[in-house]
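# With the sequence up front, the predicted model follows.
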Amino acid sequence: MSTLSALPVTDQSALAIEGFDAPEHRLAGTGLAGLAETTLPREKRLEAMRVGELGSIHSWELSTAVDGPGTRLVVFLAGCPLRCLYCQNPDTLRMRDGQAVSAEDLLALVRRYRPVLAATGGGLTLSGGEVLMQPVFAARILAGAQAMGVHTAIDTSGFLGTACTEEMLANTDLVLLDVKSGIESTYTRVTGRALGPTLDFGRRVVAAGVELWIRFVLVPELTDAAENVEPVAAYAATLSTVTRVEVLPFHQMGRDKWATLGRPYALGDTSPPAPELTERVREQFRAHGLVTH
Ligand code: SF4
């Protein structure tokens, strides 16, 4: 889940970011540069994926001020079990659309960028798609990055939280948890899935003592009702390791991708929220004592 900015429409091989971050924060759209596709035959690939030596990657990029503190090397894994109406990167939803990349190659990329990440107080963020679609691979990358002294983060909807082992959590410094709605029926309308696993995963993250950022995508006439925001804020306030809430205003940067993919897009006529609405929602979180951006 990530979180939210639109990748170039022309980059159909690339993986989806689950975010609505302001594009000026993106330093570079680097696609898959530096990551070679594996040459393993198909049957060996499946085994390598099972043990986490291979992952399906959509793309990677450098970002700053989003996806975690400092400059981030953000890796977008392919595949997602949710079908959010507002997904800005519908080209990242299927694991088979990603490129098979070895953990070794990806960790070499992390090593290459380690100096710049360290100099800015940044690190590695695994996003998607949904990072927990490939938990064994993700766990291997997180462990390898932490062993290099690189700060690690995952951006997730938490829907597949049971796939995250305690060991994987121990190798994660920060979880960016996307809570897409507070009312169960609205959550299901937005994502096609149930809300409970997300809430359970957030509690597990707290029990493991891992820092949490909560993200909420604000979509007019979909997620903006005060009674839909309130349970998210109340929930976040119960989580002792939450240090930040991000209210992410919906935008239309992904609209053309839906058309390019020939898939129906339900929010084609939806406008970004007015600044007053965004502020009202942020204030709802602040009223619970949460540091909110
Ligand atoms: S469907 Fe939802 S969770 Fe999946 S990548 Fe898109 S916005 Fe993120």
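Nice, thanks for sending it over. Numbering: from 1, shown residues only.
# Tell me which residue in the stretch 101-250 of the chain sits closest to the ligand.
When scored by CB to the nearest ligand atom, the stretch 101-250 of the chain has Ser157 as its residue closest to the ligand, at 4.6 Å. Placement of C-beta: from N, CA and C, glycine included.
# Near that residue, how many other residues are there?
Ser157: 28 surrounding residues under other CB atoms under 10 Å.
# just to confirm, which helix or strand has Val101 in it?
Here Val101, judged by DSSP states H and E, is contained in strand 99-102.
# just the CA coordinates of that strand, formatted as CSV?
Extracted in CSV, the C-alpha atoms of strand 99-102 (Å, rounded to 0.1, in the frame of the first residue of the first chain):
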residue,chain,number,x,y,z
GLN,A,99,10.0,-8.2,-13.3
ALA,A,100,11.7,-11.1,-11.5
VAL,A,101,14.7,-9.7,-9.6
SER,A,102,17.1,-11.4,-7.3
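# Pull up the pairing partners for that strand, direction included.
Neighbouring strands of strand 99-102 in its sheet, by DSSP bridges, are strand 54-64 (antiparallel).
# Parallel or antiparallel, list what pairs with the next helix or strand after the partner strand.
Next helix or strand after strand 54-64 toward the C-terminus (DSSP H and E): strand 71-77. Using DSSP bridges, the strands paired with strand 71-77 in its sheet are strand 54-64 (antiparallel), strand 123-127 (parallel).
# for the last one, the distance to its chain's centre please.
Remark: strand 123-127 is offset 9 Å from the chain centroid, using CA atoms, centre = their mean, to the nearest Å.
# Please apply the same query to the longest one.
In terms of CA atoms, centre = their mean, the centre of strand 54-64 is found 11 Å from the chain centre.
# does it come close to the ligand?
No - on the criterion CB under 6 Å from any ligand atom, strand 54-64 is out of touch with the ligand, staying 9.8 Å away.
# then that strand to PDB, C-alphas only?
Output of strand 54-64 as PDB, limited to C-alpha atoms (Å, rounded to 0.1, in the frame of the first residue of the first chain):
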ATOM      1  CA  LEU A  54      13.500 -13.800  -6.200                       C
ATOM      2  CA  GLY A  55      10.900 -11.100  -6.100                       C
ATOM      3  CA  SER A  56       8.500  -9.500  -8.600                       C
ATOM      4  CA  ILE A  57       9.400  -5.900  -8.800                       C
ATOM      5  CA  HIS A  58       7.500  -3.100 -10.500                       C
ATOM      6  CA  SER A  59      10.100  -0.400 -10.200                       C
ATOM      7  CA  TRP A  60      12.200   1.600  -7.700                       C
ATOM      8  CA  GLU A  61      12.900   5.300  -7.200                       C
ATOM      9  CA  LEU A  62      14.400   7.800  -4.800                       C
ATOM     10  CA  SER A  63      12.000  10.100  -2.900                       C
ATOM     11  CA  THR A  64      12.300  12.600  -0.200                       C
END
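# For the residue of the chain positioned farthest from its centre, grab phi and psi.
Most distant from the centre of the chain: Pro41, at 30.1 Å, with distances by CA atoms, centre = their mean. Phi and psi for Pro41, reported as degrees, to the nearest 10, are phi -70, psi 160.
# Please list the residues of the stretch 151-293 of the chain that sit near the ligand.
Counting by CB under 6 Å from any ligand atom, the residues of the stretch 151-293 of the chain that sit close to the ligand are Ser157.
# Show me where the stretch 51-200 of the chain has its helices.
Taking DSSP state H, counting those that start in this stretch, the helices of the stretch 51-200 of the chain run over residues 103-119, 135-147, 166-170, 184-191, 196-207.
# Please identify the deepest-packed of these.
helix 135-147 (a mean of 21; mean count of other CB atoms under 10 Å).
# residues in contact with that one?
Residues outside helix 135-147 that contact it (CB atoms under 8 Å, 6 or more residues apart in numbering) are 49-55, 75, 77, 103, 106-107, 110, 123-124, 126, 131-132, 152, 154, 160, 163-165, 167-168, 171-173.
# which among those residues end up buried?
Among these, those buried by neighbour count (16 or more other CB atoms under 10 Å) are 49, 52-55, 75, 77, 103, 106-107, 110, 123-124, 126, 131-132, 152, 154, 160, 163-164, 168, 171-173.
# Quick check: pLDDT value at the residue farthest from the centre of the chain.
We have a pLDDT of 86 for Pro41.
# Check Ala36 too.
pLDDT, read off for Ala36, is 84.
# Please, which helix or strand holds it?
Per DSSP H and E: nothing holds Ala36, as it lies in no helix or strand.
# which non-adjacent residue is nearest it?
Asp105 (6.1 Å; CB to CB, 6 or more residues apart in numbering).
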